[in-house]
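Enquirer: Got a sequence here, can you model it:
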Amino acid sequence: MSARVETLPSGLRVVTDAMPHLETASLGVWVAAGSRHESAGEHGLSHLLEHMAFKGTRRRSARAIAEEIEAAGGDLNAATSTEHTAYYAHVLAVDAPLALDILADILTESAFDKDELEREKGVILQEIGAVEDTPDDLVFDLFSAAAFPGQAIGRPILGTPERIASFSRDAIGDYLGRHYASPATVVGAAGAVDHERVCAAAQELFGKLPPEGARDRAPAAVYHGGEIRLKRRLEQAHIVIGFEGLAYDDPDFYALQVFANAVGGGMSSRLFQEVRETRGLAYAIHAFHWGYSDAGLFGFYAATGAKDVAELTPVALDCLAEAAQALSEAEARRAKAQMKVSLLTALESPAQRCEQIARQVMAFGRVLTREEIVAAIDGLDIAAIRAAGARALRSKPTVAAIGPVAKVFAPDRVAERVGAG
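Expert: Model prediction:
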């Protein structure tokens, strides 16, 4: 394993993975500040701050940032998630110092120009509107809200129009000062990079990050389960039915990942074969398992016509319940193989590798070797995989649905169908 991790005197962590056969480099900065770190009055602020980072600094205008990185043939982007915010770039190896300089500039010297702020609020309002018009995205927001009611972890990352409109420059600066601190930040680099050079540059460029930020951790997530239905005049019903999943440090995390892949991770999975291929009840159906630092969500998504809702729901739930009792060795082998290919594919891409090692350092304080991950997957026996699925199905169900949803099962009927009632 070529990944190296170093903690600088400021508390900033640097992780690199040199891939000498490449001529490009991916670099990024990951900050442990996402939507679940927001108070109710800050809902959507993490995402707004991510947008504002590209809207000009004391050294560069918004246009200069775009022109400088693109003049080098590179690209620059960012993303906000529930538990962190990431800013990243992909460039030729010779331009890695430029990429780090721009990343540091937007994180430590953003101007938060008043006019740019108002324009970007408008952009985010359009983004929120786009989600409202995309039921296959919106239904997952409803699912999280039903699973974690009244909690930041269950709120949509984008925020609400009313809250976004209320944010001022001072609110952004206050949030930045409390959460964007050296110990909460990881600088990652993969591809044609040199560890010592990246560390030296990071120490110089990110020196303005405060040594300490907010001492309070995000509130612990408490899974409740529940139901949210949104009746709309749509051709299809968009349905997510799920259960409590596992945190990514739970001993059974990989077992539930394999279970999710086996029941709905590919064209050979039970859900795809039974619901789509055999019965023709849905065009799209898949299972998922999302792990957070202290919680998780497991379930399936399906889109189907109004006339097929009543049949689809019990058939899909039967697939889950039967797999928890009788998943076969062959199904488990296929699911494991899919997971290992995904892992190894990420190792071949500098951008994916950069994200992978940075997130592992944030989550575990170190980089997990491919050998230990593969060993953890291969070491799972069929009993452990079935047990992880059964454990999830015993939790209180969560149901979210948009469209013609009258015949979607309520949580109590879901529990009865999977044998948990």
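
Enquirer: drop to CA atoms for contacts and neighbour counts, all remaining ones
Expert: Fine.

Enquirer: so how many other residues sit close to residue 378?
Expert: 15 (other CA atoms under 10 Å).

Enquirer: residues contacting it?
Expert: Residue 378 is in contact with residue 336, counting by CA atoms under 8 Å, 6 or more residues apart in numbering.

Enquirer: so what's the backbone phi/psi at it?
Expert: phi -60, psi -30 (degrees, to the nearest 10).

Enquirer: I'd like to know how far it sits from residue 109.
Expert: 47 Å (CA to CA, to the nearest Å).

Enquirer: How about residue 358?
Expert: For residue 358 relative to residue 109 (CA to CA), the value is 23 Å.

Enquirer: what about those two, which has more around it?
Expert: residue 358 (31 against 18).

Enquirer: Roughly how far does residue 301 sit from residue 399?
Expert: 10 Å.

Enquirer: So what touches the strand or helix carrying residue 119?
Expert: Secondary structure from DSSP states H and E places residue 119 in helix 114-132. Residues from elsewhere that reach helix 114-132, judged by CA under 8 Å, 6+ apart: 48, 51-52, 55, 137-138, 158-161, 164-165, 169.

Enquirer: repeat that for 6 Å
Expert: 138, 161 (CA atoms under 6 Å, 6 or more residues apart in numbering).

Enquirer: List the buried residues in that helix.
Expert: 116, 117, 120, 121, 124, 125, 128 (16 or more other CA atoms under 10 Å).

Enquirer: After it, which helix or strand is next?
Expert: Taking DSSP H and E, what comes next after helix 114-132 is helix 135-147.

Enquirer: what packs against that next one?
Expert: strand 398-403 (3 or more CA pairs under 6 Å, 6 or more residues apart in numbering; DSSP states H and E).

Enquirer: Try it again at 8 Å.
Expert: helix 114-132, strand 226-231, strand 236-244, strand 398-403 (3 or more CA pairs under 8 Å, 6 or more residues apart in numbering; DSSP states H and E).

Enquirer: Alpha carbons of the second one, as CSV, please.
Expert: By that I understand strand 226-231. What follows is strand 226-231, C-alpha atoms only, in CSV (Å, rounded to 0.1, in the frame of the first residue of the first chain):
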residue,chain,number,x,y,z
GLY,A,226,-42.2,6.4,10.1
GLU,A,227,-43.9,7.5,7.0
ILE,A,228,-44.2,10.4,4.6
ARG,A,229,-46.4,10.3,1.5
LEU,A,230,-46.7,13.0,-1.1
LYS,A,231,-49.7,12.5,-3.4
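
Enquirer: Could you check that strand and say which residues are buried?
Expert: 226, 227, 228, 229, 230.

Enquirer: As a markdown table, the residues you listed with distance to residue 325 and pLDDT would be great.
Expert: Compiled in a markdown table, those are given as follows (distance: CA to CA, whole Å; pLDDT from 0 to 100):
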| residue | distance to residue 325 | pLDDT |
| --- | --- | --- |
| 226 | 25 | 97 |
| 227 | 26 | 98 |
| 228 | 29 | 98 |
| 229 | 30 | 97 |
| 230 | 33 | 96 |
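
Enquirer: can you give me the helices in the stretch 251-400 of the chain?
Expert: 253-264, 270-271, 309-326, 329-348, 350-364, 370-378, 382-393 (DSSP state H, counting those that start in this stretch).

Enquirer: now the second one, how far from the chain's geometric center?
Expert: So that's helix 270-271. Remark: helix 270-271 is offset 24 Å from the chain centroid, using CA atoms, centre = their mean, to the nearest Å.

Enquirer: So what touches stretch 319-328?
Expert: 263, 270-271, 274, 382, 385-390, 393, 418-419.

Enquirer: Highest neighbour count among those?
Expert: Neighbour max across these (other CA under 10 Å) = residue 263, 31 neighbours.

Enquirer: isn't that one right up against residue 287?
Expert: Yes. When contacts are counted by CA atoms under 8 Å, residue 263 is listed as touching residue 287 (6.7 Å).

Enquirer: In this protein, which residue is most central in space?
Expert: Nearest residue to the geometric centre of the chain (CA atoms, centre = their mean): residue 81, 5.3 Å.

Enquirer: And it, how far from residue 246?
Expert: 18 Å.

Enquirer: now do residue 225
Expert: Distance from residue 225 to residue 246, by CA to CA: 14 Å.

Enquirer: picking that back up, who touches the residue nearest to the centre of the chain in this structure?
Expert: 34, 35, 157.

Enquirer: show me the contacts for the first one.
Expert: By CA under 8 Å, 6+ apart, the contact set of residue 34 is 46, 47, 80, 81, 82, 83, 84, 85.

Enquirer: quick one, phi psi at it?
Expert: Backbone phi and psi, for residue 34 under degrees, to the nearest 10, turn out to be phi -130, psi -170.

Enquirer: If I look at residue 30, what pLDDT would I see?
Expert: Note for residue 30: predicted pLDDT of 98.

Enquirer: how about the nearest residue to it, chain neighbours excluded?
Expert: Ranked by CA to CA, 6 or more residues apart in numbering and with sequence neighbours excluded, the top spatial neighbour of residue 30 is residue 86, at 4.4 Å.

Enquirer: What strands line up against the helix or strand encompassing the one you found, and which way round?
Expert: Per DSSP H and E: residue 86 is located in strand 85-92. Partners of strand 85-92 in the sheet, by DSSP bridges, are strand 24-31 (antiparallel), strand 75-80 (antiparallel).
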